[in-house]
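Asker: heads up, no residue letters with this:
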Ligand code: FAD
């Protein structure tokens, strides 16, 4: 039976080790981990900082002892693999506790070294009050600083998952927080207009959210406060005093060992692997945040640092090292993040990526109740679906709201993985009773709208076209006048409520295109159908005023 050596003892590495042992009682398995902990819950770190997870031990899912007892894996912590000798199939290990080195042989080597937080070369960034969050030690240091320094104000740079979670953790601890984001939106897996819901929520909670604002320099001053503070210079010329800084602008694959060993690195900087998780050396496998993987939708190489792919890849690598033939089938990038009371989630490709890759798409928006609206507790699910307008193939989906977001995106992830089209999506039958869903679920509704477009029963117009209407178009708001007062309206719109339209249609010109909108697109579609059935040229704003409104947030 083979001798398997694993580098990295967390998501991908520990999954591979456990799977390898389940397949073989006789394989020799050694797992090296540079840090003191293995198999810890990196995804839980921000939630211990916030106080949601009270007990730090809950983050330590396994110890070297428990891993040995259950899986008979020889776990060596504080042991950094510093080189790989591919010819002789050995690795050199640096024992951090006594600063010694030794070599260990392997039949198969698995690299699961993860990814490093990116710290850009900003002047003054290396100071005692700037942190990133990758592991338990980082977490401990952050908590220690919060508790010892009596932090009043914190700044988080980067509006990705970790940045958003850290922002919320500070807020939960009663610390005033600024979130700096260089681009025009947080949460890059969703499109700008969907991120608008998160922007509104973040600001409503009192966070100082600054979009289109980058950090350009940091000045540490030990004099102004007992433990010092920081003055941040920002790209817009502003400066900001803060007590602590978190850098969360993304991660980059840890590829140094692989590079030095001469393994192929892909064009976007991850270790190159085939579908069996083998690197350019068939005896060396690689998984997780360190690798490039195939994008499920485009079949192009991509880097998507998420725990699900790392765990599944670890399992596949173990299968293949032990003589099975298993292939990774691509990453959709299914992801979700809690932003205060909201959940925001996505799967597949977003519109920005489709445009960048020149992929043909159409999109629909639906805003509807998470369960029957008459049953208490229903919340609006704001849902966006992207699909191929010719074949109907599902390209991606995004959802934001306070309830039922994970369920909708998980369904979409399964539908996409199964290769379903939006035509087939109309027919999916989901659970329904008033506390749980609706007889026509959000997903069915989105599929109906998509099919209306494909079949020519609806001519869409999208929120991003509304500000550029011409003299040949007329904007018609079909909501009730009271709604215009409470919700707001689009400039230059005329208002004829949908229920009066049949009798007032003569007020509309036939030589102009009527651009209809309502609050979410539903009444707009009713009005649109009336108009086209009466010989008007018309389009309906998909997702209605709500999509338009939040695209501006
Ligand atoms: P890791 O789990 O990072 O493990 C790599 C290990 O290898 C590290 O412990 C490192 O010390 C060790 N190592 C590296 N080089 C060597 C060496 N030369 N010798 C010995 N050991 C070495 N993903 C989600 O899907 N959902 C989430 O909610 C989520 N939240 C996250 C929150 C935080 C704060 C962080 C940091 C990550 C989060 N992730 C989340 C990402 C997820 O944790 C990673 O995608 C996943 O852990 C990657 O697994 P991996 O095995 O590739 O790397």
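Answerer: Yes, it's here. Note that this is a predicted model, so its numbers are computed, not measured.

Asker: now the residue in the stretch 51-200 of the chain that the ligand sits nearest to. Nearest residue, chain neighbours left out?
Answerer: Nearest residue of the stretch 51-200 of the chain to the ligand, counting by Cβ to the nearest ligand atom: residue 114, 2.7 Å away. Heads up, the C-betas are built off the backbone N, CA and C, glycines and all. In space, and not counting its chain neighbours, residue 114 is closest to residue 289: 4.6 Å by Cβ to Cβ, 6 or more residues apart in numbering.

Asker: could you do residue 525 as well?
Answerer: Once flanking residues are discounted, residue 525 sits nearest to residue 540: 5.3 Å by Cβ to Cβ, 6+ apart.

Asker: can you name the residues that contact that neighbour?
Answerer: Neighbouring residues of residue 540 by Cβ atoms under 8 Å, 6 or more residues apart in numbering: 458, 459, 460, 461, 516, 517, 521, 524, 525, 527, 528.

Asker: ok, residue 385 next?
Answerer: By Cβ under 8 Å, 6+ apart, residue 385 lies in contact with 363, 364, 366, 394, 396, 397, 412, 422, 446, 447, 450.

Asker: tell me which residues in stretch 67-76 are buried?
Answerer: Residues of stretch 67-76 classed as buried: 67, 71, 73, 74, 75, 76 (neighbour count, 16 or more other Cβ atoms under 10 Å).

Asker: residues in contact with it: which ones?
Answerer: Under the criterion Cβ under 8 Å, 6+ apart, residues 9, 14, 17-18, 21-22, 25, 28-33, 38-39, 64, 93 lie in contact with stretch 67-76.

Asker: what's the mean pLDDT across that stretch?
Answerer: Computed over stretch 67-76, the mean pLDDT rounds to 97.

Asker: and for stretch 89-96?
Answerer: Rounded mean pLDDT across stretch 89-96 is 98.

Asker: that stretch near the ligand at all?
Answerer: No: if you take Cβ under 6 Å from any ligand atom as the test, stretch 89-96 misses the ligand, and the best it gets is 7.8 Å.

Asker: how about residue 520, phi and psi?
Answerer: The phi/psi pair for residue 520 (degrees, to the nearest 10) reads phi -130, psi -10.

Asker: that one is in contact with residue 546, isn't it?
Answerer: Yes: contact criterion Cβ atoms under 8 Å: residue 520 and residue 546 qualify, at 5.3 Å.

Asker: intersection of neighbour lists for the two?
Answerer: Here residue 520 and residue 546 have residue 367 as joint contacts, going by Cβ under 8 Å, 6+ apart.

Asker: return the residues in contact with the most centrally placed residue in the chain.
Answerer: Per Cα atoms, centre = their mean, the C-alpha nearest to the average position across the chain is that of residue 335, at 4.2 Å. Counting by Cβ under 8 Å, 6+ apart, residue 335 touches 161, 189, 306, 345, 346, 347.

Asker: cool, residue 23 as well?
Answerer: Listed by Cβ under 8 Å, 6+ apart, the contact set of residue 23 reads 318, 319, 322, 324.

Asker: try 6 Å this time
Answerer: Counting by Cβ atoms under 6 Å, 6 or more residues apart in numbering, residue 23 touches residue 322.

Asker: so where's this structure uncertain?
Answerer: In the predicted model, the chain carries pLDDT under 70 at residues 224-226.

Asker: for the ligand, what's its nearest residue on it.
Answerer: Closest point on the chain to the ligand, by Cβ to the nearest ligand atom, is residue 288, at 2.1 Å.

Asker: quick one: contacts for that residue?
Answerer: For residue 288, the contact set (Cβ under 6 Å, 6+ apart) comprises 11, 12, 112, 310.

Asker: swap in 7 Å and give it another go.
Answerer: If a contact means Cβ atoms under 7 Å, 6 or more residues apart in numbering, then residue 288 has 11, 12, 112, 114, 310, 313 as its contacts.

Asker: now do the same contact list for the first one.
Answerer: Neighbour list for residue 11: 288, 307, 310, 311 [criterion: Cβ under 7 Å, 6+ apart].

Asker: can I get those residues in TSV with secondary structure?
Answerer: Formatted as TSV, the contacts of residue 11 follow (DSSP: H, G, I helix; E, B strand; the rest coil):
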residue	secondary structure
288	helix
307	helix
310	helix
311	helix
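
Asker: who wins for neighbours among these?
Answerer: When neighbours are counted by other Cβ atoms under 10 Å, residue 288 leads the contacts of residue 11 with 34 neighbours.

Asker: and the stretch 101-250 of the chain, which of its residues are near the ligand?
Answerer: Proximity of the stretch 101-250 of the chain to the ligand (Cβ under 6 Å from any ligand atom) is limited to residues 112, 113, 114, 133, 134, 135, 161, 162.

Asker: and the helix or strand hosting residue 16, how far from the chain's centre?
Answerer: Per DSSP states H and E, residue 16 falls inside helix 11-23. Mean-position distance between helix 11-23 and its chain equals 26 Å (Cα atoms, centre = their mean, to the nearest Å).

Asker: could you list the paired strands of the very next helix or strand once past that helix along with their orientation?
Answerer: For helix 11-23, the following helix or strand on the C-terminal side (DSSP H and E) is strand 28-32. Strand 28-32 pairs in its sheet with strand 3-7 (parallel), strand 74-76 (parallel), by DSSP bridges.

Asker: what's the closest of the ones you listed to residue 532?
Answerer: Closest to residue 532 of those is strand 3-7 (Cβ to Cβ; 62.5 Å).

Asker: buried ones in the closest one, by neighbour count?
Answerer: 4, 5, 6, 7.

Asker: list the beta-bridge partners for the last one.
Answerer: With beta bridges defined as DSSP bridges, residue 7 has these partners: residue 32, residue 111.

Asker: ok, it touching residue 114?
Answerer: No: applying Cβ atoms under 7 Å, one finds residue 7 not in contact with residue 114, separated by 9.9 Å.

Asker: who touches both of those two?
Answerer: Common contacts of residue 7 and residue 114 (Cβ under 7 Å, 6+ apart): none found.

Asker: circling back to that earlier point, what angle do the helix holding residue 16 and strand 28-32 make?
Answerer: Here helix 11-23 runs at an angle of 170 degrees relative to strand 28-32 (axes from the mean of the first three to the mean of the last three Cα atoms, to 10 degrees).
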